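# the sequence and its predicted three-dimensional model are supplied below.
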Amino acid sequence: MPNTYHLACRTRWQDGAYLLLALLSAVGTARACPQGDAARQQAPQVKESATSETALSDATPRDVYRSWLLAVKGNDLAAAKSCWWMSGNDTCGALDAIVGIWVAHHRFNVAMDKIGKERKQVGNYLRDDCTDAAIDRTLERLKQAEMTITGDIATLKIPWAEDDGLVDNQPVFFYVDEPIPFRKTPAGWKIDANDLCGITTPEEFMSSTWGVAFRDHAAMLNDVAAGLESGKLETAADVVGAMERHLGSLDGQTPLTRTVIYEEDTPTRYLRIRKGNPNQLSIGSAELPHRKDVKNPTRVEGDLQAVFEHIYHGRKIVVETRNKKGYEVIYAYHDERALEIVAAQLGMTVKREQRSISAFVLTVGQSGSHLQQVPKRNKPDWEWKYTDRGTRAYYAVTMDELADFLERLSGPPVVNKTGLAGYYDLELSDKAERAPRQGETRMLDQTGLEMRWEKTKAEVVVVKDK
């Protein structure tokens, strides 16, 4: 497979929260999933039935989570959704996308068993964390889970084994390091989708690239699974053909049409825009045999929101367009004019504006900053470096630069409101760098800095139709 991902998986199925923002991020980075037949055979077999909605009203968070796992195992989307809570009326189908992606992956995995060893031809659409074996192993771990209840808010911490979540060892379902958030509702305890996904409304999720990708990805998997279950699809070739009718191509290398919209092939730049598939998110390295001089040639395919977000390399970008078409763009990763050129060729403008956005705000805590300024100096070739203490060291960074680094790590926008000028050396642990949950203030170790969710004004790049 080329170095490409659509909705593949991490080395560990982790950080399920920043789903998207960072799938329920377990669907988010460039690594194909192994098949894991041995792991499926070794996992303990758990035979239970999902809890009814009536019983859920009296259930503990642990009971609700068990019901969620069993609903996924039974391919029961309605029962799975009943274990979750989201603000508002959710008329846009956000929970169908967030919960449905897991149910669809499990259903697809089970259906693919019908074609035996040929199933491996489908590659990274077969997820080891969405098998019966992974769910059964998670049900076993759940028995020892620690519940913390504070009023109408609760968390559930699953004690994973050391090798759990490693794709080559012990796949488990929905591996997350952080405690899973719950909210008490009139119908009982529910998994808090707002907190877990870092959103405030269903519309916020479904207006994002991830919302569309989850919805369409689940639709494809369910369509293919139905074909396998009915006998309409019988071979790996049948499955690949069915998936390509959704995606344009299984590995993302061949868009629905090869029509070239724009190409600049000059001594100082390579950039090409072709028509592509708006219903997939495909990102990876590009092959340019005739241009070995182009550093880090990169390929992105999807709708305009996805394309511009990845060319910009940041989250502080707003795309306003009526254009629902898909595009494939190949460009040099560090080409500072790529965004401007692509926008111009597609009849759009690029401006910087002050907008109100949901973001992580970086501020100085009540105890004040514990950082010491350092002289401005030539920076090393690397932006940060791991220390022998297990921390990440940053050298001579401004607070704006630190916010940019944290944004890349956490997913959502990070806005610097520290008011600190100058340059600083600092070290941060992995825990400090993780994105805070809604309502939480995350202290950045002993720096005196903190980060929290806010609706705030910030300068963003706005790409919109002329």
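On my side now, so go ahead.
# ok, and the closest non-adjacent residue to L402?
By the measure of C-beta to C-beta, 6 or more residues apart in numbering, the closest residue to L402 outside its immediate chain neighbours is Y394, 6.5 Å from it. Placement of C-beta: from N, CA and C, glycine included.
# list the buried ones in stretch 308-327?
308-312, 315-317, 319, 321, 326-327 (16 or more other C-beta atoms under 10 Å).
# same list (those) but as JSON lines, adding secondary structure and distance to A432.
Converted to JSON lines, those look like this (DSSP: H, G, I helix; E, B strand; the rest coil; distance: C-beta to C-beta, whole Å):
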{"residue": "F308", "secondary structure": "helix", "distance to A432": "30"}
{"residue": "E309", "secondary structure": "helix", "distance to A432": "25"}
{"residue": "H310", "secondary structure": "helix", "distance to A432": "26"}
{"residue": "I311", "secondary structure": "helix", "distance to A432": "29"}
{"residue": "Y312", "secondary structure": "helix", "distance to A432": "26"}
{"residue": "R315", "secondary structure": "coil", "distance to A432": "19"}
{"residue": "K316", "secondary structure": "coil", "distance to A432": "22"}
{"residue": "I317", "secondary structure": "strand", "distance to A432": "26"}
{"residue": "V319", "secondary structure": "strand", "distance to A432": "31"}
{"residue": "T321", "secondary structure": "coil", "distance to A432": "37"}
{"residue": "G326", "secondary structure": "strand", "distance to A432": "38"}
{"residue": "Y327", "secondary structure": "strand", "distance to A432": "38"}
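# which two of those residues have the greatest separation?
The span of the buried residues of stretch 308-327, defined through C-beta to C-beta, is set by K316 and G326 at 23.5 Å.
# so what touches stretch 390-401?
The contact list for stretch 390-401, computed with C-beta atoms under 8 Å, 6 or more residues apart in numbering, reads 362, 374-377, 379-380, 383-387, 402, 405, 416, 418, 420-430, 433, 445.
# how about the CA coordinates for it, as CSV?
C-alpha atoms of stretch 390-401 as CSV (Å, rounded to 0.1, in the frame of the first residue of the first chain):
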residue,chain,number,x,y,z
GLY,A,390,10.2,11.3,29.0
THR,A,391,9.3,15.0,28.4
ARG,A,392,9.3,17.0,25.2
ALA,A,393,11.8,19.9,25.3
TYR,A,394,11.1,23.2,23.4
TYR,A,395,14.0,25.6,22.8
ALA,A,396,13.7,29.4,22.5
VAL,A,397,10.0,29.4,21.5
THR,A,398,7.6,32.2,21.6
MET,A,399,4.1,31.6,23.1
ASP,A,400,2.6,31.8,19.6
GLU,A,401,5.0,29.0,18.5
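# longest single helix anywhere in this structure?
Assignment by DSSP state H gives helix 209-230 as the longest helix of the chain.
# that one: which residues count as buried?
Using 16+ other C-beta under 10 Å as the test for burial, helix 209-230 gives 209-225, 227-228.
# do stretch 111-128 as well
111-112, 114-115, 118-119, 122-128.
# what about that stretch, start to end distance?
When the termini of stretch 111-128 are compared using C-alpha to C-alpha, to the nearest Å, they are 14 Å apart.
# domains of the chain: list them as residue ranges, please.
4-247, 260-346, 357-461 (automatic domain parsing).
# want to throw the buried residues of stretch 308-327 into TSV with distance to S369?
Below are the buried residues of stretch 308-327 laid out as TSV (distance: C-beta to C-beta, whole Å):
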residue	distance to S369
F308	35
E309	32
H310	34
I311	34
Y312	30
R315	25
K316	24
I317	29
V319	35
T321	41
G326	46
Y327	44
